[in-house]
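Student: following is a predicted model, sequence given first.
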Amino acid sequence: KWIFSLFPNHIIKATFIPQGSIHNEQVSDAVIVKPNAIVPSIQKSENNVTLSWNTQSFVELNKEGVALTPQTNTTISLLHTFCNDSSRGFKFSLQPDEMIFGTGERSIPMNRRGYRLPLYNSTRYNYGTNADALNFSVPFILSSSHYGIFFDNPSKGYLDIGKTDSNILEYGVMSGELSFYIIGGKTFDEIISNYQKLVGTQQLPPRWAMGNFMSRFGYTSEQQTRKIYNKMKSDSIPFDAVIFDLFWFGDSIKTTLGNLDWVNKKAWPNPQKMINDFKKEGVKTILITEPFVLKTTPNYEIAKDFLTQDIKGNTYALKDFYFGQGGLLDIFQKDAQQWFWSKYKKQMDNGVTGWWGDLGEPERHPSDMYHNLTDLGFKRKFSADEVHNLYGYYWSKMVYNNFSKYYPNRRLFHLNRSGYAASPRYSSFPWSGDVARSWSGLQAQLPLMLGTSISGIPYIHADA
């Protein structure tokens, strides 16, 4: 069954429901606008059916496939749909000289034609050029033929852009609603603008976030931090914030995720005073957090009810996680969100201004891990692969909604490494992950920044 709708700015939405298929739920809430209440006129002939909302926006169905025309007189040809045990999706026709941009964060040429790209947020340490799968994938493409397509499905998938067949754009996912939005525009700016109106625009960052940050991996004590802080000041190096990596909540890289507090009183005797001393001189404080709670932390037993589960309903134990054994917060549950936010609120009461979210792809997210989406209106459990790309997005949404509630007159800065198409509307500002300290690593940043930005993620930065 096909369902077609016209959205504002002449955007055409198409949803395909395969006969006999299951798990067709739409778990994404990326799109924030409603379809127009316009009933299309329908014309039928022996060979085709045409739906038209006006003289410029129409859809034609026949035995050869589906042709969709937004307002720019550019016709997009859908050749096939498919649905099997492993994937479901669409195949579109590509013009001989057509270029395809977008798809999110990748250190490959901006023209994605000739690539088969994973739609699966992934960590890649020490990367350089030609990394085709990184932390922030976006199922949005922009064509040189003046149209865009947004595939609104956060499950594990892929885009084969003329790799297998040079004339075919193939999109496939393993679960979820099969929907796409055809977005027209006379210029590339107009297409991207129409797309961002569909999913929401980026929040304006606080002014201080555009400054220089004092940062390293990592400050291990207040004494060390103040020493470097004072050296920066005496050398007249301007900076607007200090970033604290994971040593703020533990003495080692491993076994400490989930402490979420200044547990070493010797290293950090009075963090509130330190933070407020910085603030008096106009310097903000940013803390890192991760969504994993390890068994070696005091919070593990408290947080067990908020962690993901296996298919039998038992807490899922990560046994081969680099940082240690433990669990992953089920960010889709309201009680898990509020428990996590309580840790943020405590530190903000101490004077913390901004936040840094790490490992939110999630970095360790096995296929046999399950999430509870009851609070979102769904009854069954969802496997990790079905909601993987939505995890960082819901994390950013949680921080943004609570921050807006408690601090309505302030702008949020949340440096989050991963997310989904609409993450920018929740003040999520990604960076380009753990880049190699090499010429290749530096060289990778320019195409990565441009490719991510043209995908509808306007702000992104790189570690120096």
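Tutor: In hand now; what should we look at?
Student: what residues does whichever strand or helix holds residue 392 touch?
Tutor: Taking DSSP states H and E as the definition, residue 392 sits inside helix 391-406. Outside helix 391-406, the residues that touch it by C-beta atoms under 8 Å, 6 or more residues apart in numbering are 30, 121, 136, 154, 203, 291, 331-332, 337, 340-341, 344-345, 348, 355, 357, 360-362, 365, 410, 412, 414, 416-420, 422-423, 426-428. Every residue, glycine included, has its C-beta placed from N, CA and C.
Student: among those residues, which ones are in strands?
Tutor: Counting by DSSP state E, the part of those found in strands is 355, 357, 414, 416.
Student: ok, so what distance separates residue 253 from residue 366?
Tutor: Computed as C-beta to C-beta, to the nearest Å, the residue 253 to residue 366 distance reads 22 Å.
Student: repeat that for residue 81.
Tutor: 30 Å.
Student: swap in residue 254?
Tutor: 19 Å.
Student: who has more neighbours out of these two?
Tutor: Taking other C-beta atoms under 10 Å, residue 254 and residue 366 do not tie; residue 366 has more neighbours (17 against 13).
Student: any weak-confidence spans in this structure?
Tutor: 72 (pLDDT under 70).
Student: and the helices in the stretch 51-200 of the chain, which stretches?
Tutor: 188-199 (DSSP state H, counting those that start in this stretch).
Student: break down the stretch 201-350 of the chain into its strands, ranges please.
Tutor: Along the stretch 201-350 of the chain, counting by DSSP state E, counting those that start in this stretch, strands occupy 213-214, 241-244, 284-289, 292-294, 326-328.
Student: closest one of the ones in strands among the contacts of helix 391-406 to residue 244?
Tutor: residue 355 (10.7 Å; C-beta to C-beta).
Student: burial check on the closest one, number of neighbours?
Tutor: Applying other C-beta under 10 Å, we find 21 residues neighbouring residue 355.
Student: I figured it hits residue 287, correct?
Tutor: Yes - with contact defined as C-beta atoms under 8 Å, residue 355 reaches residue 287; the gap is 6.4 Å.
Student: could you report the distance from residue 449 to residue 304?
Tutor: In terms of C-beta to C-beta, residue 449 sits 40 Å off from residue 304.
Student: the more surrounded of these two?
Tutor: Shown here are residue 449 and residue 304; by other C-beta under 10 Å, residue 449 has more neighbours (18 against 13).
Student: what sits against that one?
Tutor: 432, 460, 462.
Student: SS state for it?
Tutor: helix (DSSP: H, G, I helix; E, B strand; the rest coil).
Student: show me where the stretch 251-400 of the chain has its helices.
Tutor: With DSSP H, counting those that start in this stretch as the criterion, the stretch 251-400 of the chain has helices at 271-280, 300-303, 334-349, 384-387, 391-406.
Student: tell me which of those helices sits most buried.
Tutor: Ranked by average neighbour count under the criterion mean count of other C-beta atoms under 10 Å, the helices of the stretch 251-400 of the chain are headed by helix 384-387 at a mean of 22.
Student: could you list every helix and strand in contact with that one?
Tutor: Under the contact criterion of 3 or more C-beta pairs under 8 Å, 6 or more residues apart in numbering; DSSP states H and E, helix 384-387 touches strand 370-372.
Student: other SSEs contacting the strand it packs on?
Tutor: strand 381-383, helix 384-387.
Student: which of those sits closest to residue 68?
Tutor: helix 384-387 (26.9 Å).
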